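Undergrad: Below is the structure, and that's it, no one-letter string:
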């Protein structure tokens with residue numbers, strides 16, 4: 001076998017080995033690309049989830065702000081109603097006390113008038 005033929009066969013084997021290695025690298029590159037695509041999808045979903053969470057937090061802040069003012073208004077209304085009831089109770093108490101005082105002082109007066 002002459003040197004040229006031998007070199008040709010060696011070159012063909014080297015080329016064959018290199019082609020196999022290139023094919024393997026291409027397969028690895030495809031696998032890595034698929035994994036990157038999967039990671040990108042997961043990150044995109046997390047971004048969407050984060051956006052959704054942020055939206056929900058903002059909605060909750062809005063909801064929390066509203067009830068405070070509504071509750072404050074409700075409490076003011078309730079306070080007014082309680083003050084009105086208190087005024088009525090105080091009025092009734094004054095009438096009862098006046099009745100008791102009149103009753104206490106009217107008995108001696110009646111006795112004095114009936115005896116006198």
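TA: Received the coordinates, thanks. A quick note: this is a predicted structure, and the numbers were derived from the prediction, not measured.
Undergrad: Every contact and neighbour count from this point should use C-alpha atoms.
TA: Noted.
Undergrad: Can you report phi and psi for residue 13?
TA: phi -60, psi -40 (degrees, to the nearest 10).
Undergrad: Just name whatever secondary elements the helix or strand harbouring residue 43 is in contact with.
TA: For residue 43, the host element (DSSP states H and E) is helix 3-115. Packed against helix 3-115, as judged by 3 or more CA pairs under 8 Å, 6 or more residues apart in numbering; DSSP states H and E, are no other helices or strands.
Undergrad: Run the chain-centre distance for that helix.
TA: Remark: helix 3-115 is offset 1 Å from the chain centroid, using CA atoms, centre = their mean, to the nearest Å.
Undergrad: mean confidence score for that helix?
TA: The predicted model assigns helix 3-115 a mean pLDDT of 86.
Undergrad: Distance-wise, check residue 90 relative to residue 83.
TA: Using CA to CA, to the nearest Å, one gets 10 Å for the distance from residue 90 to residue 83.
Undergrad: again, but for residue 74
TA: 14 Å.
Undergrad: Residue 39 too?
TA: 65 Å.
Undergrad: Also residue 93?
TA: 15 Å.
Undergrad: Please apply the same query to residue 29.
TA: On the measure of CA to CA, residue 29 and residue 83 end up 79 Å apart.
Undergrad: swap in residue 14?
TA: In terms of CA to CA, residue 14 sits 101 Å off from residue 83.
Undergrad: Kindly report the same for residue 50.
TA: According to CA to CA, residue 50 stands 49 Å off from residue 83.
Undergrad: Could you do residue 8 as well?
TA: Taking CA to CA, one finds residue 8 at 110 Å from residue 83.
Undergrad: Also residue 7?
TA: 111 Å.
Undergrad: do residue 51 as well
TA: Using CA to CA, residue 51 is found at 48 Å from residue 83.
Undergrad: Name the surrounding residues that touch stretch 32-49.
TA: Residues outside stretch 32-49 that contact it (CA atoms under 8 Å, 6 or more residues apart in numbering): none.
Undergrad: Can you report how many residues neighbour residue 74?
TA: As a burial measure, residue 74 scores 13 neighbours (other CA atoms under 10 Å).
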